[in-house]
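Novice: need a 3D model of the following:
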Amino acid sequence: MQDDGPTEESTTSPARGGRTSAAGTALEKSMRILEAVAAPGGPHRLTDVAAAAAVPKSSAFRILASLTEQGFVRPESGARYGVGPRLRGLSALVSGGEPPSIGRVLGELRESVGQTVHLALHSGEALTYIRKLESDQPFQTASRVGMRMPLHSTAIGKSILAHLPEEEVRALIASAGLPRRTPRTLTDPQALLAELQAVRARGFAVDDEENEPTIRCIGAAVLGPDGRPIGGVSVTTVAFLVSREEIEAYAPALRTAAEALVPLL
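Specialist: Numbering: from 1, shown residues only. The predicted structure follows:
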């Protein structure tokens with residue numbers, strides 16, 4: 001019988017863990033998706049990313065959601081995806097370029113206020129920390145890069161909610177709820193909406209021991225070109241050392257940092 005050459009099945013990658021898959025492992029899929037997102041002409045549509053990466057659309061959507069949470073990918077208007085700040089930072093390090101400007105902005109903020117600084121990205125019903133610069137104070141907060149946090153009880157989260165349409169905020173409340181994190185957490189929808197109005201008026205949000213006892217923060221949103229919040233930046237202290245009035249005095253430096261981050265995220 002004539003040998004027609006290798007079949008499609010015989011040319012797939014070797015079996016991994018007892019399985020043979022032309023699509024590859026989850027890590028391989030993620031790498032191909034990152035390459036597709038970073039390709040020229042972006043930001044790219046989900047359909048185009050999935051096709052370029054040879055990954056089913058449903059799988060591509062899940063992987064993109066995870067990469068977005070970690071800051072490697074940034075969702076854009078029109079259901080498109082672009083390169084996120086962490087991927088840009090890796091590119092700068094690999095190419096031997098200058099340290100990412102994001103680090104410079106956050107470092108200047110920390111030096112100005114002398115407190116811990118966080119940068120987080122908005123992702124669905126939560127936010128994810130992508131940068132943390134600890135202060136020189138004799139205490140450390142429990143937060144860490146990669147940690148997902150609620151929107152309604154954090155300073156960054158409330159600053160993000162304040163820049164979303166009210167109907168979208170109500171939908172998020174209906175979906176995620178307003179779980180009580182501490183006795184100070186705002187768990188009434190109307191009270192939260194009133195607080196968000198105050199956040200918009202003053203340009204920053206306050207977490208006054210609402211997410212974690214003894215921790216006090218102020219946060220400001222970082223907005224995209226379309227005016228929607230991409231994420232936010234915050235200053236974090238401990239309540240028994242820094243009063244609410246004292247931490248609110250950091251607001252001008254915080255807002256300056258948030259504005260400087262706009263073209264970088």
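Novice: every contact and neighbour count from this point should use C-alpha atoms.
Specialist: Fine.
Novice: mind jotting down where the helices sit in the protein?
Specialist: Under the criterion DSSP state H, the chain carries helices at the ranges 26-38, 46-53, 57-69, 85-95, 101-113, 155-161, 166-176, 189-202, 244-248, 251-261.
Novice: got a list of contacts for the second one?
Specialist: Read that as helix 46-53. The contact list for helix 46-53 (C-alpha atoms under 8 Å, 6 or more residues apart in numbering) reads 29, 32-33, 35-37, 56-57, 60-61, 79-81.
Novice: residue closest to the middle of this protein?
Specialist: The central residue of the chain, meaning the one whose C-alpha is nearest the mean C-alpha position (C-alpha atoms, centre = their mean), is Leu121 at 1.8 Å.
Novice: find the nearest non-adjacent residue to that one, please.
Specialist: Among residues not flanking Leu121 along the chain, Gly231 sits closest, at 4.0 Å (C-alpha to C-alpha, 6 or more residues apart in numbering).
Novice: can you give me the neighbour number for that neighbour?
Specialist: Residues lying near Gly231 (other C-alpha atoms under 10 Å) number 27.
Novice: that one pairs with what?
Specialist: Residues found in beta-bridge contact with Gly231 (criterion: DSSP bridges) are Leu121, Val222.
Novice: can you tell me which residues contact it?
Specialist: By C-alpha under 8 Å, 6+ apart, the contact set of Gly231 is Leu119, Ala120, Leu121, His122, Leu127, Ile156, Ile160, Ala221, Val222, Leu223.
Novice: try Ser153
Specialist: Contacts for Ser153 (C-alpha under 8 Å, 6+ apart) come out as Arg181, Thr185, Leu186, Asp207, Glu210, Asn211.
Novice: now the phi/psi pair for it, please.
Specialist: Its backbone dihedrals place Ser153 at phi -110, psi 0, with angles given as degrees, to the nearest 10.
Novice: again, but for Gly146
Specialist: Its backbone dihedrals place Gly146 at phi 100, psi -10, with angles given as degrees, to the nearest 10.
Novice: and for it, nearest residue in space, chain neighbours not counted?
Specialist: The spatial neighbour of Gly146 that comes closest, neighbours along the chain excluded (C-alpha to C-alpha, 6+ apart), is Tyr129 at 5.3 Å.
Novice: returning to what we had before: the contacts of Gly231: which two are farthest apart?
Specialist: Considering C-alpha to C-alpha, no two members of the contacts of Gly231 lie farther apart than Leu127 and Leu223, which are separated by 14.3 Å.
Novice: these two: who's more crowded?
Specialist: Leu127 (26 against 20).
Novice: hmm, Ala155 and that one touching each other?
Specialist: No - judged on C-alpha atoms under 8 Å, Leu127 makes no contact with Ala155 at a distance of 10.9 Å.
Novice: I'd say Arg181 and Asn211 touch.
Specialist: Yes - taking contact to mean C-alpha under 8 Å, the distance of 5.3 Å between Arg181 and Asn211 places them in contact.
Novice: these two: which is more packed in?
Specialist: When neighbours are counted by other C-alpha under 10 Å, Asn211 comes out ahead of the other of Arg181 and Asn211, with 24 against 17.
Novice: surely that one and Ile156 touch.
Specialist: No - under the criterion of C-alpha under 8 Å, Asn211 is not in contact with Ile156, lying 11.2 Å apart.
Novice: give me the low-pLDDT residue ranges for the stretch 1-150 of the chain?
Specialist: 1-23, 89, 92-100 (pLDDT under 70).
Novice: on that earlier part again, using JSON lines, lay out the contacts of Ser153 together with distance to Arg74.
Specialist: Shown next, in JSON lines, are these (distance: C-alpha to C-alpha, whole Å):
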{"residue": "Arg181", "distance to Arg74": "28"}
{"residue": "Thr185", "distance to Arg74": "29"}
{"residue": "Leu186", "distance to Arg74": "29"}
{"residue": "Asp207", "distance to Arg74": "26"}
{"residue": "Glu210", "distance to Arg74": "28"}
{"residue": "Asn211", "distance to Arg74": "26"}
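Novice: so Pro85 touches Leu264, yeah?
Specialist: Yes - counting by C-alpha under 8 Å, Pro85 does reach Leu264; the two are 7.1 Å apart.
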